[in-house]
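K.L.:
Structure of the sequence below:
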Amino acid sequence: MSKIEKLINKVFSASEISYQDAEKILFRLGYDLEVSGSHHVFRKPGYGHISIKRRSGLYSYQISELRDILVKHGYPEEKI
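P.N.:
Numbering: from 1, shown residues only. As a prediction, the model looks like this:
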């Protein structure tokens, strides 16, 4: 299992995810980063955006948003 697959499994298992892990996933999916103050906004045409404040761990609603993005990209809603 690759490192990115392990990170995706963490998202679907609702484990704590760091900003760096979320950033790795989003960059792998082809998102672009725009920094606006303390918020980092990841955008991809056709898939919308997600705003993540740079901190040690994501809030639970941000993990849910990240999970929704993964589902839109064809990942199953369960562990790989």
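K.L.:
after the helix or strand hosting residue 34, next one along is what?
P.N.:
Assigned by DSSP states H and E, residue 34 belongs to strand 32-36. For strand 32-36, the following helix or strand on the C-terminal side (DSSP H and E) is strand 39-44.
K.L.:
Now that next one: buried residues?
P.N.:
Neighbour counts over strand 39-44 (16 or more other CB atoms under 10 Å) mark 40, 42, 44 as buried. In this view, the C-beta of every residue, glycine as well, is placed from N, C-alpha and C.
K.L.:
Which strand residues bridge the last one?
P.N.:
So that's residue 44. residue 48 (DSSP bridges).
K.L.:
separation between it and residue 14?
P.N.:
Distance of residue 44 to residue 14, given as CB to CB, to the nearest Å: 23 Å.
K.L.:
got it, and the first one?
P.N.:
Remark: distance between residue 40 and residue 14 (CB to CB) = 22 Å.
K.L.:
Run through the residues that contact residue 10.
P.N.:
Residue 10 makes contact with 16, 17, 21 under the criterion CB atoms under 8 Å, 6 or more residues apart in numbering.
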